[in-house]
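Asker: could you work out the structure for the sequence below:
(2 chains)
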Amino acid sequence: MNRFFFFFFYSRTFARQGVCVSRSQYTVFYRHAAPMGTTAKEEMNKFWAKNAQLNRPMSPHITIYKWSVPMMMSITHRGTGVGLSGAISAVALAALVLPGSYPYYLDMIHSLYLGPCLIALAKFGIAFPVSFHTLNGVRHLYWDIGKGFKIPQVYKTGYTVIGLSILTSAALMFI
Amino acid sequence: MIIMAAVARLSCVCRRGIKPLLYQSTLLPRALVASHKYQDHPYMLTARIHASQALNASSGSKAASLHWTAERAVSVLLLAMGPVAYFNPGPFIDYSLAAALTLHGHWGLGQVLTDYVHGDTKIKIANAGLFLLSTVTFAGLCYFNYNDVGICKAVALLWSK
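Answerer: Below you'll find the model as predicted:
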């Protein structure tokens, strides 16, 4: 019986270290498998309901875990997405609510005679979220077809996205 | 001794996390943490599982899977619209852009809400609010395309500053 459990433990260790273990070694251990009557969504809701009801504080996670480039790029992708969406909604709402036409408001901004530096900066500020979100979006689609998951590849594609975003935004800044 | 071995097995199951799942075929039951109730009967260790779609296709639904695919399709479509908008501006691409941008944004924000909003009523309220926002956004963009210069022209004018 002990040998059985030791083998089990070692096959787990190998699995954790990334060695592909053949199927037969797993089927043995699920001789008794009982399907639950709940979906994953229901289980997650139960988790949150229980912990909210007990007023439990959130465990520290992003405050203690070491930040990495992929993590930062991921949240930036989300941040730029939410930001861009918000900007589009703001423009749409403004179009519905404000009385004047678009050229009218553009002329109003023109009449402020903002310095070329400020205008260039503003252009960069608009171009960068768009280009980063687009390029990182392509990287996401690359993952979606199942490629590029090895850690060195994640970093390589990540740095490529960052570099290209800065370059394209800088180029667009000067148009 | 056997109970200790059983506890070791249970802690293995707890610690192994998601990795072994990647190496199983979809036909194998996906095991979650074994219930502690069964610590008393080590010979009767049972894995409580969610019956996966492949095992129980009649009771599952493909909605989530189709939604995922649709999200990627709209993303690719939006990517393709970029060059078209640059080289061939006009009302057709304006309205297409309005639709694709709004839908991509709606689904994207939907994922954000799913990640951070918990609790049945809060989820319902958040999704209703999102739906309202997306509707207003689409309406506003269409209004802009119809009554004003349109998206492509607007970007061109803004950049000509």
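Asker: can you list the domain ranges for chain A.
Answerer: A:2-53, A:68-173 (automatic domain parsing).
Asker: please apply the same query to chain B.
Answerer: Split by automatic domain parsing, chain B gives B:2-44, B:59-160.
Asker: of the ones you listed, which shows the lowest average pLDDT?
Answerer: The weakest mean pLDDT among the domains of chain B belongs to domain B:2-44, with a mean of 49.
Asker: okay, and the nearest residue to residue B:99 once chain neighbours are set aside sits in which element?
Answerer: Counting by CB to CB, 6 or more residues apart in numbering or on different chains, residue B:138 is the residue found nearest to residue B:99 once chain neighbours are left out, at 7.0 Å. Every residue, glycine included, has its C-beta placed from N, CA and C. Taking DSSP states H and E as the definition, residue B:138 sits inside helix B:120-147.
Asker: which parts of that helix are buried?
Answerer: B:126, B:130, B:133-134, B:137-142, B:144-145 (16 or more other CB atoms under 10 Å in any protein chain shown).
Asker: same question, stretch A:129-144
Answerer: A:129-137, A:139.
Asker: and it, how far from the chain's centre?
Answerer: How far stretch A:129-144 lies from its chain's middle: 10 Å, per CA atoms, centre = their mean, to the nearest Å.
Asker: quick one: contacts of it?
Answerer: With contact meaning CB atoms under 8 Å, 6 or more residues apart in numbering or on different chains, stretch A:129-144 is reached by A:73, A:76-77, A:80-81, A:83-84, A:148-149, A:157-158, A:161-162, A:164-165, A:168-169, A:172, B:72, B:75-76, B:79, B:82.
Asker: what's the ChimeraX syntax to select whichever of these are buried?
Answerer: To isolate the buried members of the contacts of stretch A:129-144 in ChimeraX, using 16+ other CB under 10 Å:
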select /A:73,76,77,80,81,84,157,158,161,162,164,165,168,169,172 /B:75
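Asker: residue A:109 contacts residue B:158, correct?
Answerer: No. Residue A:109 lies out of contact with residue B:158 (CB atoms under 8 Å); the separation is 9.0 Å.
Asker: packing partners for the one helix or strand residue A:160 maps to?
Answerer: Assessed by DSSP H and E, residue A:160 sits inside helix A:151-173. Judged by 3 or more CB pairs under 8 Å, 6 or more residues apart in numbering or on different chains; DSSP states H and E, helix A:151-173 is in contact with helix A:69-97, helix A:116-144.
Asker: dump the ones you listed into a markdown table; add mean pLDDT as well.
Answerer: Putting those into a markdown table (pLDDT from 0 to 100) gives the following:
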| stretch | mean pLDDT |
| --- | --- |
| helix A:69-97 | 97 |
| helix A:116-144 | 95 |
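Asker: would TSV of these with distance to residue A:32 be doable?
Answerer: Shown next, in TSV, are these (distance: least, CB to CB, whole Å):
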stretch	distance to residue A:32
helix A:69-97	39
helix A:116-144	36
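Asker: out of those helices, which is closest to residue B:62?
Answerer: Closest of these to residue B:62 is helix A:116-144, at 17.4 Å (criterion: CB to CB).
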